[in-house]
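> give me the fold of what follows.
(2 chains)
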2 protein chains.
Amino acid sequence: MDNFVFSNPTKIVFGTGVEMQAGTEVKPFSDRVLLHFGGGSAVRSGLLSRIRESLVATGIHCVELGGVEPNPRLSLVREGIALCRREKLSFILALGGGSVIDSAKAIAVGVPYAGDVWDFFDYSTQPATALPVGAVLTIPAAGSESSSRSVISNTEMQLKRSVTTDLIRPRFALMNPELTYTLPPFQSACGIADIMSHVMERYFTNTRDVELTDRLCEAALRTVIVSAPSVMCDPCCYAARAEIMWTGSIAHNDLLNTGREGDWASHAIGHELSAFYDAIHGAGLAVIFPAWMKFVYRHDLARFAQFANRVWEVEMDHFNPEKTALEGIRRMELFFHSLGLPATLSDMGIPDDRFAEIATKCTVRGKGTTGKFVKLDPKAVIAILTLAK
Amino acid sequence: MDNFVFSNPTKIVFGTGVEMQAGTEVKPFSDRVLLHFGGGSAVRSGLLSRIRESLVATGIHCVELGGVEPNPRLSLVREGIALCRREKLSFILALGGGSVIDSAKAIAVGVPYAGDVWDFFDYSTQPATALPVGAVLTIPAAGSESSSRSVISNTEMQLKRSVTTDLIRPRFALMNPELTYTLPPFQSACGIADIMSHVMERYFTNTRDVELTDRLCEAALRTVIVSAPSVMCDPCCYAARAEIMWTGSIAHNDLLNTGREGDWASHAIGHELSAFYDAIHGAGLAVIFPAWMKFVYRHDLARFAQFANRVWEVEMDHFNPEKTALEGIRRMELFFHSLGLPATLSDMGIPDDRFAEIATKCTVRGKGTTGKFVKLDPKAVIAILTLAK
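Residues are numbered from 1 along each chain as shown, chains lettered A, B, ... in the order given. This next block holds a predicted model:
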């Protein structure tokens, strides 16, 4: 186990009806709030007006900015920053999933900064301060509701980049599983793949003696695996929706990587697919992760056999751990397939003519590597994309 | 899954040498600190002087108060409160295990309160404010380093009572597994029993649909079970000491009971054993928990069978789940025995002549019940004590 520092102060308010506490949760921070959201579903479902009501009832002035798209855009972030400055707003309440929350976080670091917010995302400087952020979660997937990260797409530059700082960790997250009942099945499936990927990026590590966190990761993955079919069969199954929603936060709140180094190559490759083709994050991960596993599993056969045995309930073949490991990967593929997720890049409509370009972009302009479990050079990234095509 | 609110902001700084960061972690809170500790081991090991050095190096004035005993005493708490007021100290740094940290927390709520600190423990009032507390952990057991609870013994009244408030959750915990190398084997074993009990109190619940937290509990228990033998064989096994130390915090930081109601009867009975006989907390739990299980397991056979199967690796007898459940309890007893823990109250030197009195004290003066999984009246408590004798 490596030395580590862990702290996650986000206040989780979880259960039926908790979105109506928005006003009381925001109030201690500010009286002037940006209410940030995505497309029409929050409006149509009446959620937006319920939140607005809760804010107004506690005497909070709120200004609205909708229109966040999946793979949230830098352009809207800049618009949000200008709006906050103009209207003197000092709190951002995100109402949506990871894209909305990430957009809110980017606005939060941008408002008090004199330069352009992209400076933080191209690593030319670090944020020194940020407006406080809160979240009403409607899509369990990204874990952004209690994470310290924001991922933003710069469409002009075809770049998808992130900022990580405790300054943008939401102060609170209101999580009502009922708000996820209306998610289309494909979006639920993408969220599930995203949640599982967050755990697996942490699970595949070279750090030794990580008994507890291995087992916590396995607990999270097993929970999602047994809950997912219920969600797909019955979108209004509270129990299963609740399990997936809470697991989605645990998967990405940094607990599961205490004392260990994760991999994150699949996310890096997936982000490039989003940057190039606007690929849906969870769907991309469902395609890339199995390909990545097939490419790297020999690096630590014991870990992959443990993964197969404990997570996918593959009986351990003690005389042939490779067989066990491969059966685990196969079951994961079958599982993703059972959720209606794509199995290949071509299923996603992604052609194979820009693999070299993608590989270059996610390996420090082709001069470095991506991933920690196995360090992938551009050739390795191309091999994984080829396995996935 | 029940609705819940969860937040645990304690900053965990974990690993080799982290105690030397005491000064830098305290500094943002205060320049005048009470350094609170127990017996001679912190002095003999040189730990106390290293901490003192770290504080002084950052310009912090510190006043020392040692002498905390297991089952920490109200009398010393009162002394600490007077000392803090006299010396105008505004931060309490606890250096030790649960008893020291609990004592520090009690001092922290007592200093700004005009009345007597016991008012909080006999529930006649709730704390409104508290001095900030930090911890350098030397005994993994109580989980007090990131919990919101303090348990104090009033020896005059033979009472052991607790206060629970987020105000006393430590701001940081410095956790170096190496500091636990010198724990005597019996104390290590008691700590292990305490950690497991914290998980089991949460595990045995009537709340339905608690998939994730069940599995997180099982992960914590399995980790302790596989790590304990290494600690007992080789007290300086960093890997195993680290697993147990980190699990000890996770066991009691409130994560494992998100959305579920725990039981806590075994703790209630154990606390009375400490109040009456100054019984060692972990040892008492190792005796009471199996007796409690034998008394209540028929209340939810499925849960006890799952516990046996997933935690103790008992093969599930699908045609006879009771057999599976009982084998789980038996393996737990064998496990505690293998650590050198007592199996009966008489092993602990506790006679059977005051069972009725104990039962009365832990059931609201005999007029109520204790425990949530099964509500135990005084007769039931006596039955459990009799099973344990």
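> got the phi and psi for the closest residue to A:D209 other than its chain neighbours?
The spatially closest residue to A:D209, leaving aside those adjacent along the chain, is B:A239, at 3.6 Å (CB to CB, 6 or more residues apart in numbering or on different chains). Heads up, the C-betas are built off the backbone N, CA and C, glycines and all. When quoted as degrees, to the nearest 10, the phi and psi of B:A239 stand at phi -60, psi -50.
> B:A239: neighbour count?
Summarising burial for B:A239: neighbours were counted as other CB atoms under 10 Å in any protein chain shown, giving 17.
> same question for A:G115.
Neighbour count for A:G115, taken as other CB under 10 Å: 10.
> sec struct for it, please.
Classification of A:G115 into helix, strand or coil gives coil, according to DSSP: H, G, I helix; E, B strand; the rest coil.
> check A:K11 too.
Here A:K11 is strand, with the state taken from three-state DSSP.
> my guess is the residue nearest to A:D209 contacts A:D2, does it?
No - contact status for B:A239 versus A:D2: not in contact, 11.5 Å apart, counting by CB atoms under 8 Å.
> flag every buried residue along the helix or strand hosting A:V43.
Using DSSP states H and E, the element containing A:V43 is helix A:41-44. Buried positions in helix A:41-44, judged by neighbour count with 16 or more other CB atoms under 10 Å in any protein chain shown: A:41-42.
> what about it, distance to the chain center?
With CA atoms, centre = their mean, to the nearest Å as the basis, helix A:41-44 stands 22 Å off its chain's centre.
> what pLDDT, on average, does that helix get?
Computed over helix A:41-44, the mean pLDDT rounds to 87.
> alpha carbons only: can I get the following helix or strand past it in CSV?
For helix A:41-44, the succeeding helix or strand toward the C-terminus, using DSSP H and E, is helix A:47-57. Listed in CSV are the C-alpha atoms of helix A:47-57, where the atom choice follows Å, rounded to 0.1, in the frame of the first residue of the first chain:
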residue,chain,number,x,y,z
LEU,A,47,-37.6,19.1,-12.1
LEU,A,48,-36.2,22.5,-13.1
SER,A,49,-39.3,24.4,-11.9
ARG,A,50,-39.3,22.4,-8.6
ILE,A,51,-35.7,23.3,-8.0
ARG,A,52,-36.4,26.9,-8.9
GLU,A,53,-39.3,26.9,-6.5
SER,A,54,-37.1,25.5,-3.7
LEU,A,55,-34.5,28.2,-4.3
VAL,A,56,-36.9,31.1,-4.5
ALA,A,57,-38.7,29.9,-1.4
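> buried ones in helix A:47-57, by neighbour count?
Using 16+ other CB under 10 Å as the burial criterion, the residues of helix A:47-57 that qualify are A:47-48, A:50-52, A:54-55.
> thought A:I60 was touching A:L35?
No - with contacts defined as CB under 8 Å, A:I60 does not count as touching A:L35, sitting 9.4 Å away.
> between these two, who's got more neighbours?
When neighbours are counted by other CB under 10 Å, A:L35 comes out ahead of the other of A:I60 and A:L35, with 25 against 21.
> ok, A:L74 - contacts?
For A:L74, the contacting residues are A:106, A:117-118, A:121, A:152-156, by CB atoms under 8 Å, 6 or more residues apart in numbering or on different chains.
> one more: A:Q187?
A:I139.
> tell me how far it lies from A:G340.
When CB to CB, to the nearest Å is applied, the distance between A:Q187 and A:G340 equals 11 Å.
> am I right that A:G134 is in a helix?
No - using three-state DSSP, the assignment for A:G134 is strand, not a helix.
> show me what it bridges to in the sheet.
A:G134 has the following beta-bridge partners by DSSP bridges: A:L93, A:F172.
> that one is in contact with A:R169, isn't it?
No - at 10.7 Å, A:G134 does not count as touching A:R169 under the criterion of CB under 8 Å.
> strands along chain A, start to end?
A:4-14, A:32-37, A:61-65, A:91-96, A:133-137, A:149-154, A:159-164, A:172-175 (DSSP state E).
> can you put those in TSV and add mean pLDDT?
As requested, the strands of chain A are exported to TSV (pLDDT from 0 to 100):
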stretch	mean pLDDT
strand A:4-14	97
strand A:32-37	98
strand A:61-65	97
strand A:91-96	98
strand A:133-137	98
strand A:149-154	94
strand A:159-164	92
strand A:172-175	98
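> looking at these, which is closest to B:G80?
strand A:4-14 (26.8 Å; CB to CB).
> which residues touch A:T370?
The neighbourhood of A:T370, defined by CB under 8 Å, 6+ apart, consists of A:264-265, A:268-269, A:362-363, A:376, A:381.
> repeat that with 7 Å
Taking CB atoms under 7 Å, 6 or more residues apart in numbering or on different chains, we find A:T370 in contact with A:265, A:268, A:362-363, A:376, A:381.
> same thing with A:I350?
Contacts here follow CB under 7 Å, 6+ apart; on that basis A:I350 touches A:273, A:277, A:279.
> tell me, how many residues neighbour the first one?
What that stands for is A:L273. When neighbours are counted by other CB under 10 Å, A:L273 registers 26.
> from chain B, how far off is it?
A:L273 sits at a distance of 30 Å from chain B (criterion: CB to the nearest CB, to the nearest Å).
> now stretch A:76-95: buried residues?
Using 16+ other CB under 10 Å as the burial criterion, the residues of stretch A:76-95 that qualify are A:76-78, A:80-81, A:83-84, A:89-95.
> hmm, back to that, which among the contacts of A:L74 end up buried?
Taking 16+ other CB under 10 Å as the criterion, what is buried in the contacts of A:L74 is A:106, A:117-118, A:121, A:152-154.
> what would these look like in a markdown table with distance to A:A220?
What follows is the buried ones among the contacts of A:L74, written out as a markdown table (distance: CB to CB, whole Å):
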| residue | distance to A:A220 |
| --- | --- |
| A:A106 | 27 |
| A:V117 | 32 |
| A:W118 | 33 |
| A:F121 | 28 |
| A:I152 | 26 |
| A:S153 | 27 |
| A:N154 | 32 |
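> how near is A:F91 to A:S49?
When CB to CB is applied, the distance between A:F91 and A:S49 equals 19 Å.
> which residues touch the nearest residue to A:F37 once chain neighbours are set aside?
If you skip the residues right next to it in sequence, A:F37 has A:L95 as its closest partner in space, 4.3 Å away by CB to CB, 6+ apart. For A:L95, the set of contacting residues under the criterion of CB under 7 Å, 6+ apart consists of A:35-37, A:42, A:47-48, A:51, A:136.
> rerun that using 10 Å as the cut-off
Under the criterion of CB atoms under 10 Å, 6 or more residues apart in numbering or on different chains, the neighbours of A:L95 are A:19, A:22, A:35-38, A:42, A:47-48, A:50-52, A:64, A:66, A:68, A:101, A:104, A:134-138, A:174, A:179.
> and for A:E357?
Shown here is A:E357, whose contacts under the criterion CB under 10 Å, 6+ apart are A:158, A:272, A:276, A:366, A:378.
> for A:F29, same thing?
Under the criterion of CB under 10 Å, 6+ apart, the neighbours of A:F29 are A:60, A:90-91, A:93, A:131-134, A:171-172.
> same thing with A:D209?
Neighbouring residues of A:D209 by CB under 10 Å, 6+ apart: A:1-2, A:259-260, B:227, B:237-240, B:242-243.
> if we use 8 Å, what do you get?
For A:D209, the set of contacting residues under the criterion of CB under 8 Å, 6+ apart consists of A:1, B:238-239, B:242-243.
> any chance of the residues you listed in a markdown table, with distance to B:F289 too?
As requested, the contacts of A:D209 are arranged in a markdown table below (distance: CB to CB, whole Å):
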| residue | distance to B:F289 |
| --- | --- |
| A:M1 | 28 |
| B:Y238 | 29 |
| B:A239 | 27 |
| B:A242 | 25 |
| B:E243 | 21 |
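> of those, which pair is most distant in space?
Between all members of the contacts of A:D209, the longest pairwise span (CB to CB) is found for B:Y238 and B:E243 and amounts to 9.7 Å.
> the more surrounded of those two?
Neighbours of B:Y238 and B:E243, each counted by other CB under 10 Å, are more numerous for B:E243; the result is 29 against 18.
> looks like the more buried one contacts A:T213 (just checking).
No - distance between B:E243 and A:T213: 9.4 Å, which falls outside the contact criterion (CB under 8 Å).
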